[in-house]
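Q: Sequence and predicted model, in that order:
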Amino acid sequence: MGLAAPLLLCLTCPVAFGLCAVAAGRSRAWATGLGVAGTIVGATAGLTATVSVLARGRAVTWDAPWSVPSGHLALVLDPLAALFLAPTLLLAATAAVYGSGYLAGADDRRSLGPVWFFFNTLVTSMVWVVLAANAVLFLVAWEVMSLSSYFLVTHDHHQEEVQAAGRTYLIATHLGTLFLFIMFFLMGRAAGSMDFPAFPGVATAEPRLMGWIFLCAVVGFGTKAGFLPLHVWLPEAHPAAPSHVSALMSGVMIKTGIYGILRILTYLGAPAPWWGWLLVAVGLVSGVIGVVLALAQQDLKRLLAYSSIENVGIIALAIGLGVLGVAYRVPALAALGFAGALLHVINHALFKGLLFLGAGAIVHATGTRLLDDLGGLLKRMPRTGALFAVGVVAISALPPLNGFLGELVIYLAIFKGMLALPFPADLPFLFAVPGLALIGGLALACFANGFGTVFLGTPRSERSDHGHDPDLRMVGPMALLAICCLAVGLLGWAVVPRLFTPAVALLTPWPPGEIQAPLALMAAQLRVVSLAGAALLGLIGLLAWFRRTLLGGREVTQHVTWGCGYAAPTPRMQYTSVSFAAPLVKVFHRVVRPRVSAIPPDGLFPDHAAFATQATDLFRQALWVPVLTTIVRATQPLRWIQHGSVRSYVLYIVATLVVLLTWGLEP
């Protein structure tokens, strides 16, 4: 009961302060202060309970009566939920502080109360989703999360592309929710209850039913997570939303889909091997194609959005490895696979949150997201550039930061599976090694392109020339996330076995003692890597000090970079993001399908020539556009129902209530 009070404060305080922010009216300062305070108070209270559960490894429960049919206000904070709740609350608090500076610099003078209300509602709904122990409560929280994030995505609703992004997001998320309704219906009918504690009874159902439940979970939760080809909303919504909202959505909201899959796996008993193979395949496809599409983008936030698809693919791959470990009764494989997935969930929240906040600082200073309009920002925005570089190193899985540590655990799981399983059960692992290596190499090229185009070279436009670092409200949260990336990379080996063992044990049929042994061995291997990383950082620092000492008493002059013999080099002589990525995009041209428009030079002394290329999302054009177009055409005959008469709408509601009440009468 001691931890119930902080949880209830976490579940109610942000929304209460959000309502107060709305009541503040046109006072932007009061609305911002109340909104940020609500998020920080709620996150602090929630983190208190979360840290306690992770330290003790025991669950906290709370329930209360609810008059909704099949509904029950049942909450459970167990070690698995705590590992998702911790990064959610941490990133929510940092994004809120960042948002206070980001929104303060907006040109429009609209009231900020609604923005902070929906932001705090989104944070609270994600906490409800993670803690819910009843299907009806879960679906209500899931719907609130979807709607509140929709209103945040459409914050700049006067822009046509933002309206289109909002519609795409709303349609996609509700298509995913449809499969969740089917999944919970099947589980509730098999278990005889909609309460999660009754769901383990589903494991006694016939394998075909459990297979259908698993597929509904993959589609329903995978739509929110951004699995290919269910990712259609993600590259549209993230660029449209304010940057601190993009950080929250990409860093933690899409992870509610991952949480849902893992939670359902705890109720379905022994999995069939094809479940693991499916997740491995989805992970590899999402990872490779996601990073290829990211590499081809010219919009910085769209690049980060497609990169989220890549990282969700890596997480799905790791979950698939864990499922195969359970299916083939290999505890070490299951422990390493699930631990790698959980570690990458936390890592991605940290470095993707950092990168989106860094992108927001760039947009805030320059007014553009287009890579080829930027350049030379490292001299004008040194703090932002340094912190963005930390995120780039982390997401590229380079030592000694957290991204490297997380992917190393997944590699250890792959090698364990290759050694422990006979042919043909080891076939997925033979594809996983080159697949994960290819994802890592393409991610490194993608972010070398992004960082180099934005921060290095010379400004490509006047907007870039006027870049400047933001104030402490925006730099501080980025610095905190960068420190967390470094801390996990250097010290993760010391805490992962202890914190992850109870959560991984929930996902496997073995007791925690049998899970702890392979995780302890993994920690010993990670310790060597982390110590080598610390030594590398020390060497870099020593060389930097030595260079500074040598140049301390010398005059340092600057010259124009050699421009191939040109007397007056211009920014147009630099590599663009398109030209940098062109060789790799050409290799994957069947996936990217770039659209090229060109005006070739004409004559000996041409006055004008132009060349432009734009990447195409094959899945969006070939799959989703026809599907959504068909849905719109099929629903056109029903448009007469929506004719703007409030009286008619009230009549619809009354008629629906009468039908439901009549249907619910006792015979």
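A: Looks like it arrived, so ask away. Everything numeric in this text was worked out from a predicted model, so none of it was measured.
Q: Buried residues in the helix or strand harbouring T630, which are they?
A: According to DSSP states H and E, T630 maps onto helix 625-635. Within helix 625-635, the residues that qualify as buried by neighbour count (16 or more other C-beta atoms under 10 Å) are L628. For glycine as for every other residue, the C-beta is placed from the backbone atoms N, C-alpha and C.
Q: What lies in contact with it?
A: Outside helix 625-635, the residues that touch it by C-beta atoms under 8 Å, 6 or more residues apart in numbering are T168, I171.
Q: repeat for stretch 636-650
A: For stretch 636-650, the external contacting residues (C-beta under 8 Å, 6+ apart) are Y652.
Q: End to end on that stretch, go ahead and measure it.
A: Distance across stretch 636-650, first residue to last, is 22 Å (C-alpha to C-alpha, to the nearest Å).
Q: before we move on, the earlier item: what mean pLDDT does the helix holding T630 have?
A: For helix 625-635, the mean pLDDT works out to 78.
Q: gap between the helix or strand just after that helix and the chain center?
A: Using DSSP H and E, the next helix or strand after helix 625-635 towards the C-terminus is helix 646-663. Mean-position distance between helix 646-663 and its chain equals 40 Å (C-alpha atoms, centre = their mean, to the nearest Å).
Q: Now do the buried residues in helix 646-663.
A: In helix 646-663, counting by 16+ other C-beta under 10 Å, buried: nothing.
Q: average pLDDT across that helix?
A: Taken as a whole, helix 646-663 carries a mean pLDDT of 79.
Q: now swap in stretch 574-581 and tell me
A: Across stretch 574-581, pLDDT averages out at 79.
Q: buried sites along that stretch?
A: Neighbour-count burial for stretch 574-581 flags Q574, Y575, T576, S577, V578, F580, A581 (criterion: 16+ other C-beta under 10 Å).
Q: ditto for stretch 317-337
A: In stretch 317-337, the ones that count as buried by 16+ other C-beta under 10 Å are 317-328, 330-337.
Q: What of stretch 462-474?
A: When neighbours are counted by 16+ other C-beta under 10 Å, the buried residues of stretch 462-474 are found to be S464, G467, D469, P470, R473, M474.
Q: The third one belongs to a helix?
A: No: with DSSP: H, G, I helix; E, B strand; the rest coil as the criterion, D469 is located in coil rather than a helix.
Q: Put the alpha carbons of stretch 216-230 into PDB.
A: The C-alpha coordinates for stretch 216-230 follow below in PDB (Å, rounded to 0.1, in the frame of the first residue of the first chain):
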ATOM      1  CA  CYS A 216      -3.800 -10.300 -33.700                       C
ATOM      2  CA  ALA A 217      -1.300  -9.000 -31.100                       C
ATOM      3  CA  VAL A 218       1.400  -8.700 -33.700                       C
ATOM      4  CA  VAL A 219      -0.900  -6.700 -36.000                       C
ATOM      5  CA  GLY A 220      -2.600  -4.600 -33.400                       C
ATOM      6  CA  PHE A 221       0.400  -3.800 -31.300                       C
ATOM      7  CA  GLY A 222       2.700  -3.800 -34.300                       C
ATOM      8  CA  THR A 223       0.700  -1.000 -35.900                       C
ATOM      9  CA  LYS A 224       1.500   1.200 -32.900                       C
ATOM     10  CA  ALA A 225       5.100   0.000 -32.700                       C
ATOM     11  CA  GLY A 226       5.700   0.700 -36.400                       C
ATOM     12  CA  PHE A 227       6.400  -2.800 -37.800                       C
ATOM     13  CA  LEU A 228       6.700  -2.900 -41.600                       C
ATOM     14  CA  PRO A 229       4.300  -2.800 -43.400                       C
ATOM     15  CA  LEU A 230       2.100  -1.300 -40.600                       C
END
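Q: what's the domain layout of this protein?
A: Listed by automatic domain parsing, the domain ranges of the chain are 274-353+384-458+470-549+572-598+610-616, 618-663.
Q: Give me whichever of those domains is most buried.
A: Burial among the domains of the chain, expressed as mean neighbours by mean count of other C-beta atoms under 10 Å, is greatest for domain 274-353+384-458+470-549+572-598+610-616, which shows a mean of 21.
Q: Can you get me the start-to-end distance on that one?
A: Its first and final residues considered, domain 274-353+384-458+470-549+572-598+610-616 spans 32 Å by C-alpha to C-alpha.
Q: Out of the buried residues of stretch 462-474, which is nearest to G360?
A: Within the buried residues of stretch 462-474, proximity to G360 (C-beta to C-beta) peaks at M474, which comes in at 7.4 Å.
Q: Are we agreed that that closest one is in a strand?
A: No: the assignment for M474 is helix, going by three-state DSSP, so no strand is present there.
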